[in-house]
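Visitor: Pasted the sequence and its predicted model underneath.
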Amino acid sequence: MNPGNNTSAPSSDSSSRPVVVITGSCGLIGLRLARAWRDDYRLVGLDLSPPEESGLFDAFFETDLTEEDSIRSTMEQIRNEFGERIASVVHLAAYHDFSGEPSPLYDELTVQGTRRLLAALQNFKVEQFLFSSSLLAMEPDAEKELDESSPMRGEWAYPASKIAAERVIRAHHGEIPYVLARIAGGYDEAGHSPPITQQMARIYEKQMESYVFPGNPEHGNTFIHLDDLTTCLKQIVDRRHDLAREEIFLIAEPEVVSYGELQDLFGDAFHGTEWPTFRVPAPVAKAGAWVKGKIGPDEEQFIKPWMVDLADHHYEADISHARESLDWEPKHSLRSEIPKMAEQLKADPEGWYEANGIPAPDSISRS
């Protein structure tokens, strides 16, 4: 049984606003979308547990996408309360961790959950199915920008599951138009990006690992500020009637800040100096990560041996399709946001570590 949890309705006339269903609605991105979109759409949130913040959704249903009965019950309640027409299903729910260990949830939730959801939606009039894919599901290329036609490559479980879910959507969308949004890693001024915040913490604490890197420090990944992501996804939903029935968008900042430049920017922000970074052979880095993982608490060891093979990757995205079709342009850039990010850590170290899920060193305590 899925208990519905109706929250207080937004101010505008609810009957005139199209219905948008958001899966994974209580995650970092889902809550952000709800806060920004609630005046324009009737929002139906689906997740395992209701949000702590009230008033975000017109209705919320506890839903487990790994269970057929749970999805079926939720869809019956959506039909009873909102009818059969849905403007967009924004599918954010997926499994992800940085352990590198296999998990059945990559298939049961990310892949088969997508299949179950699409099957249940065939009895509705759905104007758009918007899937949150990942830029990491594409083959990295240090020589040229990635575009929508670039090859895919699932080198570890998370991107592999996104590729498999994209295949499911192509095979099972039926008459529902779909959008595959391949999204770069999100961040904001408070952090909320494990790769960035872990690098910040290493330099802030002057950890030994902050001085070494097994890849080319001139390479790097593109990111996207969560506010720009929210705006871009809104444009996709708003323009659903103008888009092709099968769309792919790359959502990222056009500029890549290399690993080496990030080192210097954080070094200057925290310690007033560029940060020396020495390249070490991959086998040495793997051995170091393995040894530290054995002797230290697992939750304090972010860098795993399997990550060393990814250190040389470079992702730079050509976002011209999103710019032209969605009239969208990122307003933030990681390079310009770094001083704000560093200031938040320096202003409240204990709060920053807690908010980003990183164990704080013993030297940090709230005064």
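Guide: Yep, it's here. Numbers count the residues shown, from 1 in each chain.
Visitor: so where's the protein uncertain?
Guide: Applying pLDDT under 70 to the chain flags the ranges 1-14, 281-301, 303, 365-367.
Visitor: can you give me the helices in it?
Guide: 28-37, 68-82, 105, 112-121, 157-172, 194-204, 226-238, 259-271, 282-295, 320-326, 334-347, 349-355 (DSSP state H).
Visitor: buried ones in the last one?
Guide: Buried residues in helix 349-355, counting neighbours by 16 or more other C-beta atoms under 10 Å, are found at P349, W352, Y353. From N, CA and C alone the C-beta is placed, and that goes for glycine too.
Visitor: G100 reaches V308, doesn't it?
Guide: No: using C-beta atoms under 8 Å, G100 is not in contact with V308, being 10.8 Å away.
Visitor: quick one, which of the two is more surrounded?
Guide: Using other C-beta atoms under 10 Å, the more surrounded residue of G100 and V308 is V308, with 23 against 12.
Visitor: And that one, how far from G191?
Guide: Going from V308 to G191 by C-beta to C-beta, to the nearest Å gives 23 Å.
Visitor: Run a quick neighbour tally on S49.
Guide: The burial count for S49: 9, using other C-beta under 10 Å.
Visitor: Tell me if I'm right that it and T63 touch.
Guide: No: look at S49 against T63 with C-beta under 8 Å: they stay out of range, at 10.3 Å.
Visitor: circling back: could you dump the buried residues of helix 349-355 to TSV with distance to N80?
Guide: Listed next are these as TSV, based on distance: C-beta to C-beta, whole Å:
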residue	distance to N80
P349	49
W352	44
Y353	45
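Visitor: nearest to Q235, of those?
Guide: W352 (31.3 Å; C-beta to C-beta).
Visitor: Would you enumerate the residues in contact with the closest one?
Guide: Shown in contact with W352 (C-beta atoms under 8 Å, 6 or more residues apart in numbering): A190, G191, Q344, L345.
Visitor: now, among these, which is nearest to H96?
Guide: Once C-beta to C-beta is applied, the member of the contacts of W352 that ends up nearest H96 is G191, at 16.7 Å.
Visitor: partner residues bridging that closest one?
Guide: G191 has these beta-bridge partners by DSSP bridges: D188.
Visitor: quick one: I196 from H271, how far?
Guide: 17 Å.
Visitor: Compare the two (neighbour count), which wins?
Guide: I196 (23 against 12).
Visitor: Excluding chain neighbours, what is closest to the more buried one?
Guide: Y187 (5.5 Å; C-beta to C-beta, 6 or more residues apart in numbering).
Visitor: So P18 is in contact with F82, correct?
Guide: No: look at P18 against F82 with C-beta under 8 Å: they stay out of range, at 9.9 Å.
Visitor: Need the overlap of contacts for these two.
Guide: R42.
Visitor: picking that back up, which among the contacts of W352 end up buried?
Guide: Using 16+ other C-beta under 10 Å as the burial test, these include A190, G191, Q344, L345 as buried.
Visitor: contacting residues around the second one?
Guide: Contacts for G191 were tallied using C-beta under 8 Å, 6+ apart; they are T197, M200, M341, Q344, L345, W352, A355, N356.
Visitor: 7 Å - rerun?
Guide: T197, M341, W352, A355, N356 (C-beta atoms under 7 Å, 6 or more residues apart in numbering).
Visitor: burial of the second one, as a residue count?
Guide: So the one you mean is M341. Neighbour tally, M341, other C-beta under 10 Å: 24.
Visitor: Once you drop chain neighbours, what's closest to it?
Guide: E189 (5.7 Å).
Visitor: Hmm, E337 and that neighbour touching each other?
Guide: Yes: using C-beta atoms under 7 Å, E189 is in contact with E337, at 6.2 Å.
Visitor: Tell me, how many residues neighbour M208?
Guide: Around M208 there are 10 residues (other C-beta under 10 Å).
Visitor: Please disregard the earlier target; I meant L92.
Guide: 22.
Visitor: quick one: stretch 258-276 to chain centroid distance?
Guide: 25 Å (C-alpha atoms, centre = their mean, to the nearest Å).
Visitor: Next: stretch 124-137.
Guide: 13 Å.
Visitor: Contacts for that stretch, please.
Guide: Counting by C-beta under 7 Å, 6+ apart, 84-92, 94, 118, 152, 154, 158-159, 162-163, 165-166, 169, 173, 176-184, 233, 236-237, 240, 250, 252, 315, 317 sit against stretch 124-137.
Visitor: Which ones among the residues you listed lie within strands?
Guide: Applying DSSP state E to the contacts of stretch 124-137, the entries found in strands are 85-86, 88-91, 178-183, 250.
Visitor: returning to that earlier point: what is the neighbour count of the residue nearest to M341?
Guide: 17.
Visitor: could you dump the buried ones among the contacts of W352 to JSON lines with distance to P276?
Guide: Formatted as JSON lines, the buried ones among the contacts of W352 follow (distance: C-beta to C-beta, whole Å):
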{"residue": "A190", "distance to P276": "28"}
{"residue": "G191", "distance to P276": "24"}
{"residue": "Q344", "distance to P276": "25"}
{"residue": "L345", "distance to P276": "21"}
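Visitor: Please consider this matter closed, and thank you.
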